[in-house]
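A.B. asks: next input, structure requested:
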Amino acid sequence: MKKKNLILSFLFCCVCFIAAGQGSGYETENNIQYYPDSVTKTDSYIKERCVLDIYYPEGIQDYATIVWFHGGGLKGGNKFIPDALKNKGYAIVAVNYRLYPKIKCPVYIEDAAAAVAWVYNNINKYGGDASKIFVSGHSAGGYLTSMVGLDKKWLGRFGVDADNLAGLIPFSGHAITHFTVREERGIKGTQPIIDELAPLFHVRNDAPPYMMITGDRELEMLGRYEENAYMMRMMKVVGHKQTELYELDGFGHDMTEPAYPLLLRLVEKILKAQ
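C.D. replies: Numbers count the residues shown, from 1 in each chain. You can find the predicted model right below:
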């Protein structure tokens, strides 16, 4: 009996050792500056807001990464790692960016691009694969996702080609010019504008896979579903082959909880198609 127990204990230890070697835990590093020291030292607001948290799996190589931008109308909000995205085998990067009215457009877009560029240039140090970076976010974060991924000039300023991103998956983001950008110009939020600060202005057939998620068209705010539906149509018109739109029936603008599992499924779908 003792011999049997020793064998079972030995096998249990071996299984635990193998599991540990395969990587079963996650690490988090908080408040990493994504601008160089030369920039953060000269601007206290950059030092305060231009930081990110990275949550990543240990002992795994070449995993995919989801960069997550919080919402808040470009006026508020703070970075967070969504619980629903944890322990799924992916790295999650939560980003803070500077906010209106302390800054004006397009500073928050520049910050979003700087953060994505930092991930692109550094994720390999944590074990990730730079060719498997997805960008996502809710509301204002969805707007930033689309702007950074569709208008190539933003990431281009940091030496990164937006077409190297694995996918763009905005949650309920503006497709027209953001209402806070319009507010800065004295334009009412009910007056739609499409200019160079609108994702719709930058439809192109060679963009990364573009998967939009919104709430119910009858419950969403400010015609958000219809904006995204038009965005989908125009992306298809110009010949983009990987544009999709998902409407979450019964959910309004606060649609993140049912959208997180869909985000994970879309990431997996895109990875399998690569």
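A.B. asks: got the contact list for stretch 262-274?
C.D. replies: 64, 66, 85, 88, 90, 132, 134, 136, 166-167, 169, 171, 209, 211, 213, 242, 244, 246, 248 (C-beta atoms under 8 Å, 6 or more residues apart in numbering). To be clear about C-beta, it is placed using only N, CA and C from the backbone, and glycine gets the same treatment.
A.B. asks: buried residues in that stretch?
C.D. replies: Neighbour counts over stretch 262-274 (16 or more other C-beta atoms under 10 Å) mark 262-264, 266-267, 270 as buried.
A.B. asks: just the buried ones among the contacts of stretch 262-274, please.
C.D. replies: Looking at the contacts of stretch 262-274 with 16+ other C-beta under 10 Å, the buried ones turn out to be 64, 66, 85, 88, 90, 132, 134, 136, 166-167, 169, 171, 209, 211, 213, 246, 248.
A.B. asks: just those residues: which are in strands?
C.D. replies: Among the buried ones among the contacts of stretch 262-274, the residues falling in strands (DSSP state E) are 64, 66, 132, 134, 136, 167, 169, 171, 211, 213, 246, 248.
A.B. asks: of those, which is the nearest to E29?
C.D. replies: I66 (15.8 Å; C-beta to C-beta).
A.B. asks: quick one: the residue nearest to that closest one when sequence neighbours are not counted from F251, how far?
C.D. replies: The shortest distance from I66 to any non-neighbouring residue, by C-beta to C-beta, 6 or more residues apart in numbering, is to F134 (4.9 Å). For F134, the distance to F251 equals 22 Å [C-beta to C-beta, to the nearest Å].
A.B. asks: so where do the strands sit in the stretch 1-150 of the chain?
C.D. replies: Assigned by DSSP state E, counting those that start in this stretch, the strands in the stretch 1-150 of the chain fall at 26-33, 51-57, 63-69, 91-95, 128-138.
A.B. asks: residues of stretch 187-206 that come out buried?
C.D. replies: 192, 197-204.
A.B. asks: run the chain-centre distance for that stretch.
C.D. replies: Centroid separation for stretch 187-206 versus its chain: 20 Å, with C-alpha atoms, centre = their mean, to the nearest Å.
A.B. asks: let the chain start at 790 from now.
C.D. replies: With the count now opening at 790, the last piece we talked about shows up as stretch 976-995.
A.B. asks: can you give me the end-to-end span of that stretch?
C.D. replies: Terminal residues of stretch 976-995 lie 32 Å apart, using C-alpha to C-alpha, to the nearest Å.
A.B. asks: who's in contact with that stretch?
C.D. replies: Here stretch 976-995 has contacts from 894-895, 898, 932, 935-936, 939-940, 952, 962-968, 970-972, 1011, 1016, 1019-1020, 1023-1024, 1026-1030, using C-beta under 8 Å, 6+ apart.
A.B. asks: got it, and stretch 878-885?
C.D. replies: 823, 838-846, 849, 852-859, 867-871, 874-875, 900-901, 904, 908, 912, 915, 917, 1053, 1056.
A.B. asks: list the buried residues of that stretch.
C.D. replies: 879-885.
A.B. asks: list the buried residues in stretch 868-876.
C.D. replies: Quick answer for stretch 868-876 (16+ other C-beta under 10 Å): 868, 870-871, 874.
A.B. asks: what's the end-to-end length of that stretch?
C.D. replies: Using C-alpha to C-alpha, the end-to-end distance of stretch 868-876 comes to 18 Å.
A.B. asks: stretch 969-983 now?
C.D. replies: End residues of stretch 969-983 are separated by 13 Å (C-alpha to C-alpha).
A.B. asks: now that stretch: average pLDDT?
C.D. replies: Across stretch 969-983, the average pLDDT comes to 96.
A.B. asks: again, but for stretch 1039-1055
C.D. replies: For stretch 1039-1055, the mean confidence score works out to 98.
A.B. asks: what residue ranges in the stretch 790-939 of the chain score low on pLDDT?
C.D. replies: Across the stretch 790-939 of the chain, the ranges flagged by pLDDT under 70 are 790-813.
A.B. asks: which one among the ones in strands among the buried ones among the contacts of stretch 1051-1063 gets closest to P890?
C.D. replies: F960 (24.5 Å).
A.B. asks: between the two ends of stretch 975-982, how far is it?
C.D. replies: End-to-end for stretch 975-982, by C-alpha to C-alpha: 12 Å.
A.B. asks: what of stretch 818-838?
C.D. replies: 16 Å.
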